[in-house]
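>>> Compute the structure for the input listed below.
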Amino acid sequence: MHRRLPLSFALPLLFLASAGLLGLSLALGSVPISAGELVSALATDAPSLARDIVLELRLPRAMAAFAVGGLLALSGAILQVLLRNPLADPYVLGVSGGASVAALVAIMLSLPAAAVDGFAALGALVACLLVFALAQGPGAWTPTRLRGMVFWLLGDLSGTRRWPWLLGLLAFATVAGVVLGRHLNVLSRGAAQAATVGMDVRRLQAVLFVGSSVLTGCAVSAAGSIGFVGLVTPHLARLALGSDNRVVLPAAALLGGALLMAADLAARVLIAPRQLPVGALTALVGVPLFLLLMYRQRP
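Residues are numbered from 1 along each chain as shown. Below is the predicted model of the structure:
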């Protein structure tokens with residue numbers, strides 16, 4: 001399959017871009033932190049305001065942004081292969097919405113964080129199955145809590161503290177995607193062709209639907225409904241590297257994480273000390289691209 005950029009160049013470049021964005025995310029904000037203060041905060045145990053800001057506020061948020069962006073990008077890439085539709089995306093298809101509704105139910109019931117994740121994954125799975133069925137055809141309230149829920153629905157990374165396990169899930173899903181990449185390449189050519197080479201299409205589709213639902217549900221429960229990341233990044237990865245899913249999936253994970261970190265950084269610094277919902281900025285970029293893709297898909 002054709003690659004427009006060498007893999008040995010593209011992936012290190014994405015790693016470097018992600019590392020650079022991480023450094024900017026830690027240094028920039030309503031309270032600027034110099035390079036020396038940043039190094040001291042990360043390398044020493046000496047108490048300081050800079051250390052508190054970096055370790056308690058900015059590092060968890062930046063790492064959560066990278067993990068959530070990568071999970072949404074992976075989920076979008078998988079759904080595009082499954083539905084053979086370049087416009088497929090967890091946000092556009094309503095999968096993120098299903099996860100959001102289920103997660104809000106868990107939040108209203110004051111359930112623990114693990115239960116919120118589980119509810120979100122289940123809601124995403126139900127919405128995903130509804131979309132697939134349609135595609136196949138026949139065959140305790142307070143003002144503070146309400147404000148937090150509304151802001152979360154628009155995309156909010158400020159309260160995320162579960163970034164280590166989100167990064168672990170992203171790493172596992174990326175490796176699994178690379179392992180299944182050859183099967184995804186065959187499936188992208190159509191279920192009938194995949195069946196002719198002996199592939200258990202139904203089982204693979206079930207695994208991919210459950211997997212993409214879990215990725216979307218965990219991302220939504222951590223950061224709210226952030227749109228268009230799953231739509232934009234797979235297309236950018238394919239434009240740069242070709243259509244081999246063994247390459248597209250890890251590239252999309254890295255690129256999705258970098259893009260969401262960049263959007264979160266902009267959300268924090270554009271009108272500092274106030275913050276914008278990160279989902280508003282991703283939509284600002286995603287909507288024009290979505291319209292462009294729809295225009296290109298015209299018969």
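>>> Okay, now the unreliable bits of this structure?
1-5, 85, 87-94, 131-156, 158-160, 293-294, 296-299 (pLDDT under 70).
>>> looking at it, which residue lies furthest from center?
Ala46 (34.7 Å; Cα atoms, centre = their mean).
>>> That one contacts Glu37, doesn't it?
No - assessed by Cβ atoms under 8 Å, Ala46 is found out of contact with Glu37, at 10.9 Å. Where you see a C-beta, it was placed from the backbone N, CA and C, and this is true even at glycine.
>>> Show me what whichever strand or helix holds Ala10 is packed up against.
Per DSSP states H and E, Ala10 falls inside helix 7-27. The elements that helix 7-27 packs onto, with contact taken as 3 or more Cβ pairs under 8 Å, 6 or more residues apart in numbering; DSSP states H and E, are helix 35-43, helix 59-83, helix 229-241, helix 245-269.
>>> deepest of those helices, which one?
Compared across the helices and strands packed on helix 7-27, helix 59-83 shows the largest average neighbour count, a mean of 28 (mean count of other Cβ atoms under 10 Å).
>>> Give the other helices and strands that it contacts.
Packed next to helix 59-83, using 3+ Cβ pairs under 8 Å, 6+ apart, are helix 7-27, helix 113-136, helix 163-179, helix 181-187, helix 201-223, helix 229-241, helix 245-269.
>>> How far off centre is the fourth one?
Helix 181-187 has its C-alpha centroid displaced from the chain centroid by 21 Å (Cα atoms, centre = their mean, to the nearest Å).
>>> So which bits of that helix are buried?
181, 183-187 (16 or more other Cβ atoms under 10 Å).
>>> And those residues, which is closest to Leu111?
Each of these was scored against Leu111 by Cβ to Cβ, and Leu184 proved nearest at 34.4 Å.
>>> give the contact list for that closest one.
78, 81, 177, 208, 245, 249 (Cβ atoms under 8 Å, 6 or more residues apart in numbering).
>>> ok, 6 Å please
81, 245 (Cβ atoms under 6 Å, 6 or more residues apart in numbering).
>>> next one: Ala263
278, 281-282.
>>> now, which of those sits nearest Gly97?
Thr282 (15.2 Å).
>>> In which helix or strand does the closest one reside?
helix 278-296.
>>> Now do the buried residues in that helix.
Those buried within helix 278-296 under the rule 16+ other Cβ under 10 Å are 278-279, 281-283, 285-286, 290.
>>> Distance from the chain centre to it, please.
15 Å.
>>> So Ala121 versus Gly70, what's the distance?
17 Å (Cβ to Cβ, to the nearest Å).
>>> Actually, Asp45.
30 Å.
>>> before we move on, what about Leu284?
21 Å.
>>> Glu37: what's it in contact with?
Glu37 neighbours (Cβ under 6 Å, 6+ apart): Ala50.
>>> same question, the one 4 residues further on
Ala41 makes contact with 50-51, 54 under the criterion Cβ under 6 Å, 6+ apart.
>>> CSV for those, including neighbour count?
Listed next are these as CSV, based on neighbours: other Cβ atoms under 10 Å:
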residue, neighbour count
Ala50, 22
Arg51, 18
Val54, 23
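>>> what about Leu166, how many neighbours?
24 (other Cβ atoms under 10 Å).
>>> Quick check: closest non-adjacent residue to it.
Ala67 (3.7 Å; Cβ to Cβ, 6 or more residues apart in numbering).
>>> Can you verify my assumption that the one you found contacts Leu170?
Yes - using Cβ atoms under 6 Å, Ala67 is in contact with Leu170, at 5.0 Å.
>>> quick one, the helix holding Thr282 and helix 59-83 angle?
20 degrees (axes from the mean of the first three to the mean of the last three Cα atoms, to 10 degrees).
>>> Packing partners of helix 278-296?
Secondary-structure packing of helix 278-296 (3 or more Cβ pairs under 6 Å, 6 or more residues apart in numbering; DSSP states H and E): helix 229-241, helix 245-269.
>>> picking that back up, phi, psi for the residue farthest from the centre of the chain please.
phi -60, psi 130 (degrees, to the nearest 10).
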